[in-house]
Structure formats: C-alpha cells, structure tokens
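Engineer: requesting a structural model of the entry that follows:
(2 chains)
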Amino acid sequence: MAGAVSALFLLDIKGRVLVWRDYRGDVSAVQAERFFTKLIEKEGDPQSQDPVVYDNGVTYMFIQHSNVYLMTATRQNCNAASLLLFLHRVVDVFKHYFEELEEESLRDNFVVVYELLDEMMDFGYPQYTEAKILSEFIKTDAYRMEVTQRPPMAVTNAVSWRSEGIRYKKNEVFLDVVESVNILVNSNGQIIRSDVVGALKMRTYLSGMPECKLGLNDRVLLEAQGRTTKGKAIDLDDVKFHQCVRLARFENDRTISFIPPDGSFDLMTYRLSTQVKPLIWVEAQVERHSRSRVEIMVKARSQFKERSTATNVEIELPVPSDASNPNVRTSMGSASYAPENDALMWKIKSFPGGKEYMLRAEFSLPSITAEEEAPERKAPIRVKFEIPYFTVSGIQVRYLKIIEKSGYQALPWVRYITMAGEYELRLI
Amino acid sequence: MSGHDSKYFSTTKKGEIPELKEELNSQYKDKRKDAVKKVIAAMTVGKDVSSLFTDVVNCMQTENLELKKLVYLYLINYAKSQPDLAILAVNTFVKDSQDPNPLIRALAVRTMGCIRVDKITEYLCDPLQRCLKDDDPYVRKTAAICVAKLYDINAELVEDRGFLESLKDLISDNNPMVVANAVAALAEIQENSSRPIFEITSHTLSKLLTALNECTEWGQVFILDALSRYKAADAREAENIVERVTPRLQHANCAVVLSAVKMILQQMELITSPDVVRNLCKKMAPPLVTLLSAEPEIQYVALRNINLIVQRRPTILAHEIKVFFCKYNDPIYVKMEKLEIMIKLASDRNIDQVLLEFKEYATEVDVDFVRKAVRAIGRCAIKLERAAERCISVLLELIKIKVNYVVQEAIIVIKDIFRRYPNTYESIIATLCESLDTLDEPEAKASMIWIIGEYAERIDNADELLESFLESFPEEPAQVQLQLLTATVKLFLKKPTEGPQQMIQVVLNNATVETDNPDLRDRAYIYWRLLSTDPEAAKDVVLAEKPVISDDSNLLEPSVLDELLANIATLSSVYHKPPESFVTRVKATTQKTEDDDYPDGSETGYSDAPATAADGGVSPPASSSNVPYAAARQPAAVLVAPAPVPDLLGDLIGLDNNAVVPSDEPAPPSGPPLPVLLPASTGQGLQISAQLTRRDGQIFYSILIENNSQIPLDGFMIQFNKNTFGLASAGPLQVPPLQPGASARTLLPMVLFQNVSAGPPSSVLQVAVKNNQQPVWYFNDKILLHVLFTEDGRMERGSFLETWRSLPDTNEVLKDFPGILLSNIEATLDRLAASNMFFIAKRKNANHDVFYFSAKIPLGIPFLIELTTLSGNPGVKSAIKTPNPDMAPLFFEALETLLKA
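Structural biologist: Numbers count the residues shown, from 1 in each chain, chains lettered A, B, ... in the order given. Okay, here's the model as predicted:
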C-alpha cells in the first residue's frame, strides 16, 4: 500500500515547468512537461479532464490555482486522496507566504519555494503543511541575519499546529458560527436536495498553551448528561474536527477539547441533511414573444421571520446568450445585465423577512437563428445572501472554557451568520 | 512578504557561465550568495550549469542556512553528472550531520539520501546511523525516511548495516511524527522486498493505533494505510480495531477519513454480528457524504471509491442518492462519476426522482454527459423491471426533442431494453422509425436495424425500411453491414415473400462476393448454406430465443473488488485496476562503476535463489561473488555479442533482484525449433536458443536452454538491455536447475516500454543470461516487428484511404524484394493475417496484382502497406506509409520474414 510521488511540479498556464522538485529521480521534467502540455492542448479545457491521469507508466495528479498548475507524478500506487489534498495545502502555504499564488509570485520567491518544497515533502511523502509554523523557520526576508537554531518544537510535537511561547497582551477568541444553505429546486418547484453545512470558524489571540473546551447544544451530549433538551438541542449529522480536537475524547463522551492553533482556523464543520424551507424563494416566468423579444418576470420572497434581515442578496438570472437591449424594472434593489455570464444580476442590499419583491425585464433577441440550433445551456437561477444573527440549525455555543496555566481570563466573542451556499433553482 | 527573486532569472546573456564562475569565487559573501541564486535560477529554467560544480560546492561551507540549502539543492541535481566531483561535498555533509543545529543535521542527512551516487552513499551510513538515534525528533523523522531512500539505492547496504532494525525500533519512538515516518519507510521497503520485513503484530498494531491520536494528519494516513494490511485474528479483535479507528471518521482531512473507511471495511469482513455491521454502515454514511463537499479533485477520488463501496455494501448509501445529484457547476469529471453511482443506487423507491434528474441532464450542453445520462436511463430500465415502462416513456420524450445525438443514444439503449424485455414494448417501434433518417452513427444504425429485423413480422413496412439501407450497403461500416445481413435474413424467414427474397439475394451477394471483410463473408456463407439446405434449421438458428441480458456492464468481479477495496483511497481505487497493472519501477539511471555494479547484481540474486545452497557440493571453482569478473578475464569465453561498453553492462546487470523468485515451472511449450543464439561452443557447454513470439495478444520470449556442460547449472536469470521498444521481461525467468545433458524450454512473458533506448529505431535486442556457475553470457537477438503487430490493426477501407492520403509523401518508403515469389496468395494472406497484418483490398493494375494491408504497433502507430507483384513471377514491390517512417527498415525486415515463411 506504500506509495510516494516521484516529483512535484509547478507549471504555468500553458503547462510549462516553472519550478519543480525531484524527489525520486524516476520521472523527468521533460517527460512531465511533454505530457501535460499535450493534455492541455488536446482538451483545451483542462477543467474537464480527470484530475488523475495515467500516461506511459506514470500517474499525474494535478490541481489548478489561478494561473498555476500544481502537479505530482508517481510510478507507484500512492494515496490519491492524500496527495490531492496535499496539493491544496501547498496552495494554502504558498498563499500564506506570498499572499497570492501565481506565476509571478513563484518566480519572485523561487528560493523560498524550493525551501518549502524540501520541508513539506520528503522522498515523496507529505511531511508538514502548517504555514504558520513553517514561517517560523523558513523566512522570506532577503537578509536573514540570525541563524535559526532549531526547528520549532511544534514541527514534531504532538501539538504540531502551535508553537510555545506565544504572548498577547489581551487574550481574546472570536468564534463565528457560519452556516451555508445548499439547495437544489427542480423546475417543477420541488425541492430535491437541501442541506446545511456549518463551520465554527475561530480566530484565537491567546497566550501560552491554552486548553479549550467547547459546549454546544448537541442533543447526544445533553441527553447523555441527563438534561432536558426541550427542542433546544440539535442533531448534527456529520461532524468534522480540526486536527487539534481530541477525536478519541469526543467519541467517548462528546466533549470537544483542544489546544487551538494561533490565529484563524476552522475548528469544526458539520452537516445537517434535514429539509429546510428555502430562505429565499425565487420564481421566474419566461415568456418568449415571437422570435424577437423575451420577457422575464421574477418574484423573490423571503421565508424567514420578520425580525431577521438578509443582506447582500444577489440573484443571478440566466438569460439567452444572444439577448440584447435589456430593459429592467425592479420593485427593490438594482439589476444589471452581465453579458459575460449570460445573466441578469439583481442585487438587494437589505431584504427583511416576510417580504416579496418583483423584477421585470425585457430583452431583444436576434430575429435570425442558426438553422440547426444547439441545445441551449440551461443554467439555474442562483442566489447569494447573508442573514446575520441567525442559524438554520439552531446551533448554540453554550460555553467556551479557556484554561491556561498562567491563569488569565479570556473572553470569547461569538457571532452567528447564515449564508447561501450552492443555492440553485432550476428554470422550467 | 513578496520577494524579488525574479531578477536572478534576468541575467541570461552570453558569457554567463564564466561570469557566474567569477562571482561564485568572489571574496564577498553576498556576491557569492547572489551568484548561487543565479545558478539555481538557471537550473530552474532548465539550463545546464553542471560545469560550475566545483565552484558551487566551494560555497557549501557556510553559516548561512539559506545558501547551504541552495548548494544542497544544486548537488541533488548535478551530483549524478559529476560523480567524481561530488565526493568533494562529502566532508561537509559529514560535518553538517554533526552540527549543533538540528535543522542542519537533518538537512545534511536528507540531502545525502537524495544523491544517488554510490561513493556518497557509502559515506552516508555513519551519519545516518547517528541521526537515527539523534536526540532531536526532527532529525530522527528525517533519518527514518532516509533509510527508505538508501534502500532504494542499495538494499543490501541497508540490510547489512542493520538499518532495518534501527528503523523498526523507531516504531516505538516516543515522538508520533518519527513513528509515522518509520511506518511509511518500512511499508515502502516491504513493498519492494519479498522477505517479511515489516510484519504487523497485534502488539505493533496497538502501539500504532495509540500513535494515531497524536500524529500529524499526513502521519495518520501513513499509519492507517499500513495497518489496513493487518488481518485480525477473529471478530472480536476486528471489532476492537474498528472501535479505535472510528473516531478518525470525524477528522477534517478527507484522506484520513478515506483511509479510516478502508480499514473499517477490511475489518468488517470478519465481523459476524449483523447488528455491529449495520451500525458501522450507519456510521460510515455521513462521512462519505461529507466527502462530496470537498474540493472537486478530492470529490472525484471519493466518488470513484464510493462506486466500489456501494458494490460491496449497497446499504451504506441506499438512502442518500440525492447527494449524488449533479450540481450545475460540478466539473464534468465529477458529474460523470455521480451519474454512475446514481445508476447503482437507483431502486424502485427512488426511480421517479432519478428519472427526473436524468431527463434534466439529457438536455444539458456537454455531449458526453448527455449521452451518458441517456444511457443511464436505459440501464435503469434494464435493472428495474417495474420501472422499465417509465424509463421508456422518458426516452420517448427525449427522442421528441429531436436533438440528433440524444435520439441516437436513445435508440441504442432501447435496443437493449428490447433484449431485456422481449415482446413487451414493440408499440413504440413506430415512433422510433420516424427518426430513421437522422441516424448517422454506426451503433445507432445497427441498433435500429436489429430492432427492425427482430420485429419484422409486426412492422408492416419492414421490407421497405430495410431496403432503404441496402442501397448504401457497401459503404456502411462493418457493424452496420453485419446487422443488415442478419436483419434481412430474419425478415426473409419471417416473411418469405418475393420482396424479401430479392433483398436477401442482393445482401448475400454483397456480403460474399463484394466484400473483403472475412467476418461478414463468413456469416453470409453460413446463412446462405443454412437457407439453401434447410430453411427450418435456419429458423431454429436465426430466430432462436436469446438469453435475457442484465445490467452488469459496470460491476466488478468479486475477487477484483476485494483487491480494490483493500486499496481504497489509492490510485488503484481510482483506476479500478489492481496496482500491478500500472505500477512501474524504473531504476533511476545511476552512474555506477563496474566494480560496484557486479557484486550488487549477483549477490542479492543468488542469496534469493535457494537452489545454490541446496547443492553446495558441486559448486564450481569460481565463487559466486566474483563470477562476473571471470567473464571479463577468461580469454576462452568468446562472447557472441561484441564486448559491451561499460555503461551498457550496468544496464544489463541492473537486475531487479526482487523479481527473482524461483517458482513452479510452467509446462514447457513445444513448437518449431528456435534459432540458436548462444552456441554451446561459446557458452562453455550452455546453449541458448530463443525467439520473440506473440500469442493471444501477448509477447513472449520463447527460450530453450540446454546444458551440455559437465556441471549442473542453476539460478538462471535473464536481462534485456535498453532497446527501441523497451522490451523487458514481465517476470523472472523460470528455469529449474539443469543437470548435465538436461534442457528446459519456457515462455517468458514480456512487457513493452520499460527501458527505452534513445536513438534511431533498431531491431537489435541485447540479452544477458547468467546462472550461478558460469560467467554472464551476452548475445544479440533481433526484434522482428511483426511480433509487435497488435490485434486491433485492421483498418476500414475508408479510413485506410483517408490515412493514406493524409500522410505526406515524405512518409512513404519503398523497398523491393526481388527474390520473393508469392505462389499461393491465399496462404500468404492467411499467414499475414495470423501475424496481425490485415488484408484490406486488392486491385489489378495492368497485369500486376496490388494488395493493400494495414498493421499497427503499440502506441497506435499504423502502417499502411501496398504490395505489388506480377503473378507467377518472383519479385514483390512494397511501399509503406506510416507516421513513423524511421521504423520502415524494421518493418521491411519483418515483412521479408513473413513473406518468405
């Protein structure tokens, strides 16, 4: 089952090697470059290409980030999930170092890039990808006068994500509970899929090695503790924790205990597959008048309590690609035609609960059409919004205890917000 | 934090190297550092800066860590090309490996392991030994991986110097990262060794499961992957293991989750309690579903794996089909995989919703996806009897949209539905016939014709419909011709009236006299004879009841599935192929000297062969370890091959030691005598005859070894030098020990493209054979190209013409064979066809006969051949066209052999 990669390549948008690190000496850059440029040429759009491709004894796995491809090559049966994920982590690390990962930033920093590739992977095995800790001993300063005397303890510690000796004057924790609503509504108005993906996003500014304990209104936990749950508790379908959380402990008694990394990270994500009522419902009627004109009537309705307000609502309405001369009226917000997306963007800054707004638009269509018409791209209506101070699941942070041996007091700040994830309503 | 390193790229003008050389030797530190950066920049863009080796290495002794790393990086890249100079670096390496700074100690040992130069490797042992016992875990974790590096370069050294034991000790290290790397290194070493090196006992298991809780995420993956090989003793142990692994399902890292799933599934095979199994299935479902929120590339891997999991445990995701519904923005590769899983999970309960989805997809823009969606509807119809009617009505709705490729795809699947449910849905045939004119794809056409023939008695104008196709019969692709032939016969048998009777004559005539396709011709003759001798028998044959089909097109064999499930998360599970079908091992070309090389190849090889020890009594005077020297020294040994140049020797003897496992001898195949390549007179009594052959699409090296010497010979091994096609043995040579006078014949399976030599194509195949008693024997064989001709080399007449025209005239190569007489054309054609050189057409030009053939060699390189001969007279003119005209000489060699035979 063992398997490691032979080399890691950073390629430009045309598939040419920018920087590469050879780990095993059995795949050459020329070979990889030849393969990949051919692949891009042939497919035109590499996004449609399987991310795992076999060619002449070598397996290539790649991802794209802005104008850079990251690719591994291997001759073994390695762990595909782990390596693809590793590539994404490499992106994260580079972004932490260079703010943006793109061709230019790689060229501008190739010395550090080599150093990082050497540290993150050894002999083709992923080693260490904590950007924050890496930057403690691999620095970008042009003049690094002092010699780092040793790798940070964290690199090999059981707590590999946090260095010792962090000091803050004011110890604070910010905890954002963010829920994304994913929904798919069929053209007949039936909800065929809906789920909520939640994340507890933390930003910690804590000194020393703080022990944290988080309490949620998790039904399983509350029932185990024999508390009454009177509708306040929630069922979490699938919970995923940051590596700092002690999983065995959670499995045992549902306690979420951890020593957090410094700075921001996702402490936990969860998923709820219970059917939720669409928070914003959009109905569209499209009428084609003869061949020259198309009229779209849209109703958007907020289906949450009046005391909440959705902000930054954006409704993307697909329109025919050959439409022109838009004429739009809205009862609220503003609409703009985005021909590059073949869409009409309707933006509403503030959308209180229990309200309904309308939009009417008219477009001209060309009177002549191609004889054999290709089927039209049937894009769905897509909606974006945020609803602060509100969660669909009803999740609540009951407490966040922070204990550090120096005995400081730290205050947690908790915020709740719900937003649209992949929110799609198919048109008729 | 952005840097400004790009300036180092810009100094790429003429005279760069001398300039850099000067800067590297500057007295100023900063200037030297800048110069090294420029060198690395040049290396990055692919320039050869190896000539600066000494100057760069001189910068190695520095306090500056950044500079040191750059020099090390340079060394990794160029040490191979300057092995003698690389030795200059050793001192600094050894010194650095004892530096007070653990970062430098680790860096030194990590880098040394990457330099694949034997002289350096020797010096690596002592520092590595120290570093494995270093106080700092960072150094130990680096050293652990370094053992695997060393094993890759020189396995023996690792075993001799006791590194394996040190590595095993690290499993009990108190640092989890060290443990994880030790596990990764041991697992890799085990993979490449036939001896048990890394055996997981229940004790190590428990230790590793504990380490799991404290490892980095990547380390957890190493450990889980290694542990999934562990076989629990009984159900109780399996349950215990599962219990300790289950918390990993909550990890944010998808790879950890998948590896945990793999381990749980493995142990579940042992668990007998249905409650426990059900419970585990319930536990695994949510994490699997959550994988679909990951990055699209990970989703893809997850979906390929879920595809396997639902084949073994369909209940896990039985209620989750909705999560596989495609999102608008999913990349196409994700959509395709989701579709496949939707088909697998479709049931009577959810089929309505699934059909609604498929219908939605069938109106999207991506043609491949649309086709797959249409096919999916058909496969659901075949799978779910009660839903078949609904599936058909959806297909009919889609046909009405009149999008050409949708219609064609729908007709193809409807044919399958008719096969599955005969005599049930013929009412829709009329609707299908409306689209008859729009069909232009062979498969769709063939399907429609099949339907017409099958239901000829219910279609009033079946004869008219078929007749409309007949006009274009000669131009149709083979697939359509075959269906037309059969359908017409069916029609005739069902309606033996005048119209069909005329048609059948036209078709049979077309399909026998006018065609060059042997399949079609044979089938037509069979029908003809059947019809003319016994029409009743013809009915029994042609109109026989067909076996009912089922949708198993995408189900895997249980044994294959087992193997793939054991490989969850790996490439094997992505490809749905066992690892050995794609894992390739290439020995990185190391610059080894002969001295190092010989003992290397031989000793390990011999120690693996038990035969040596068994009959130690008759050991020949030359001891095994210096046998190869004997080959070089003995003047008596006149080699058949010209004395090979040193680096070639390296290649020949770079035997994959692990592959040499003596096993049962296969039944010796018999056949025509093989050409003698190593006569007994030169082989000290050993005679070898061999030839490449092709059987059932596989290339073999048929080899006969005769021992005419006075001593028993054993431990036979074979190695092929780099050659144009990269031919190499697919496994070890299986020849039993040979007593004096004995012989053995065997078929050695061969693989292509292993060690491809550069340069113009050549038919030379250099072979080395050795045994425990004699020197290594080298001889030359010839690769006859026709052994490589693939079974799929047949070209349709149309594509032949098209290809011929599309190739420029510069790709045409001519050759005359004045001495060859084609006396029996039929026999020659058969013989050529048997060698996968396919006859396409024949025409007469004045009094010359011109024949056209096609053949194909791997990598899809076609050869289009024209042979001209004056019948009855000797002399064949041959002209070929191919995209690779440099292969022509090889092709003609093969052609000559074939024609002469």
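Engineer: quick one: the helices in chain A?
Structural biologist: A:29-43, A:80-98, A:103-108, A:110-120, A:131-137, A:219-224, A:247-253 (DSSP state H).
Engineer: and the first one, which residues are buried?
Structural biologist: Right, helix A:29-43. A:29, A:31-33, A:35-36, A:39-40 (16 or more other CB atoms under 10 Å in any protein chain shown). Just so you know, the C-beta spots here come from the backbone N, C-alpha and C atoms, and that holds for glycine as well.
Engineer: same list, the helices of chain A, but as JSON lines with mean pLDDT and distance to A:Ile280 please.
Structural biologist: Listed next are the helices of chain A as JSON lines, based on pLDDT from 0 to 100; distance: least, CB to CB, whole Å:
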{"stretch": "helix A:29-43", "mean pLDDT": "86", "distance to A:Ile280": "37"}
{"stretch": "helix A:80-98", "mean pLDDT": "96", "distance to A:Ile280": "31"}
{"stretch": "helix A:103-108", "mean pLDDT": "91", "distance to A:Ile280": "38"}
{"stretch": "helix A:110-120", "mean pLDDT": "93", "distance to A:Ile280": "42"}
{"stretch": "helix A:131-137", "mean pLDDT": "89", "distance to A:Ile280": "36"}
{"stretch": "helix A:219-224", "mean pLDDT": "81", "distance to A:Ile280": "28"}
{"stretch": "helix A:247-253", "mean pLDDT": "89", "distance to A:Ile280": "35"}
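Engineer: could you redo those as JSON lines and give each row distance to A:Ser160?
Structural biologist: Formatted as JSON lines, the helices of chain A follow (distance: least, CB to CB, whole Å):
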{"stretch": "helix A:29-43", "distance to A:Ser160": "31"}
{"stretch": "helix A:80-98", "distance to A:Ser160": "13"}
{"stretch": "helix A:103-108", "distance to A:Ser160": "26"}
{"stretch": "helix A:110-120", "distance to A:Ser160": "13"}
{"stretch": "helix A:131-137", "distance to A:Ser160": "7"}
{"stretch": "helix A:219-224", "distance to A:Ser160": "28"}
{"stretch": "helix A:247-253", "distance to A:Ser160": "15"}
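Engineer: how about the closest residue to chain B within the stretch 151-300 of chain A: what's its closest non-neighbour residue?
Structural biologist: Residue of the stretch 151-300 of chain A nearest chain B, by CB to the nearest CB: A:Asp238 (3.3 Å). Spatially, and ignoring its direct neighbours in sequence, A:Asp238 is nearest to B:Pro286 (3.3 Å; CB to CB, 6 or more residues apart in numbering or on different chains).
Engineer: the one you found and A:Val392, how far apart?
Structural biologist: The gap separating B:Pro286 from A:Val392 is 18 Å, by CB to CB, to the nearest Å.
Engineer: go on, A:Thr72?
Structural biologist: Taken as CB to CB, the span from A:Thr72 to A:Val392 is 39 Å.
Engineer: looking at the two, which is more packed in?
Structural biologist: A:Thr72 (27 against 20; other CB atoms under 10 Å in any protein chain shown).
Engineer: neighbours of the residue found closest to that one once you drop the neighbours it is linked to in the chain, how many?
Structural biologist: Ranked by CB to CB, 6+ apart and with sequence neighbours excluded, the top spatial neighbour of A:Thr72 is A:Val5, at 4.1 Å. Using other CB under 10 Å, A:Val5 is surrounded by 27 other residues.
Engineer: cool, and A:Arg150?
Structural biologist: 17.
Engineer: which ones are touching B:Lys283?
Structural biologist: B:246, B:249 (CB atoms under 8 Å, 6 or more residues apart in numbering or on different chains).
Engineer: could you redo the last one with a cut-off of 6 Å?
Structural biologist: By CB atoms under 6 Å, 6 or more residues apart in numbering or on different chains, the contact set of B:Lys283 is empty.
Engineer: sketch out the low-pLDDT regions of the chain for me.
Structural biologist: Answering for chain A, as no chain was given. A:1-2, A:43-48, A:141-149, A:228-231, A:290, A:368-377, A:428 (pLDDT under 70).
Engineer: my bad, chain B
Structural biologist: Checking chain B against pLDDT under 70 turns up B:1-3, B:10-15, B:552-554, B:586-672, B:901.
Engineer: now do the same contact list for the residue lying farthest from the centre of it.
Structural biologist: Distance from the C-alpha centroid of chain B peaks at B:Glu498, with 55.4 Å (CA atoms, centre = their mean). Taking CB under 6 Å, 6+ apart, we find B:Glu498 in contact with no residue.
Engineer: can you verify my assumption that the residue nearest to A:Thr72 contacts A:Thr74?
Structural biologist: Yes: under the criterion of CB atoms under 6 Å, A:Val5 makes contact with A:Thr74 at 4.4 Å.
Engineer: can I get the buried residues of helix A:29-43 in JSON lines with distance to A:Asn252?
Structural biologist: Formatted as JSON lines, those follow (distance: CB to CB, whole Å):
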{"residue": "A:Ala29", "distance to A:Asn252": "49"}
{"residue": "A:Gln31", "distance to A:Asn252": "50"}
{"residue": "A:Ala32", "distance to A:Asn252": "47"}
{"residue": "A:Glu33", "distance to A:Asn252": "51"}
{"residue": "A:Phe35", "distance to A:Asn252": "49"}
{"residue": "A:Phe36", "distance to A:Asn252": "47"}
{"residue": "A:Leu39", "distance to A:Asn252": "48"}
{"residue": "A:Ile40", "distance to A:Asn252": "50"}
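Engineer: what ranges does the stretch 751-900 of chain B have for its strands?
Structural biologist: B:764-770, B:777-782, B:812-817, B:838-845, B:848-857, B:861-870, B:876-881 (DSSP state E, counting those that start in this stretch).
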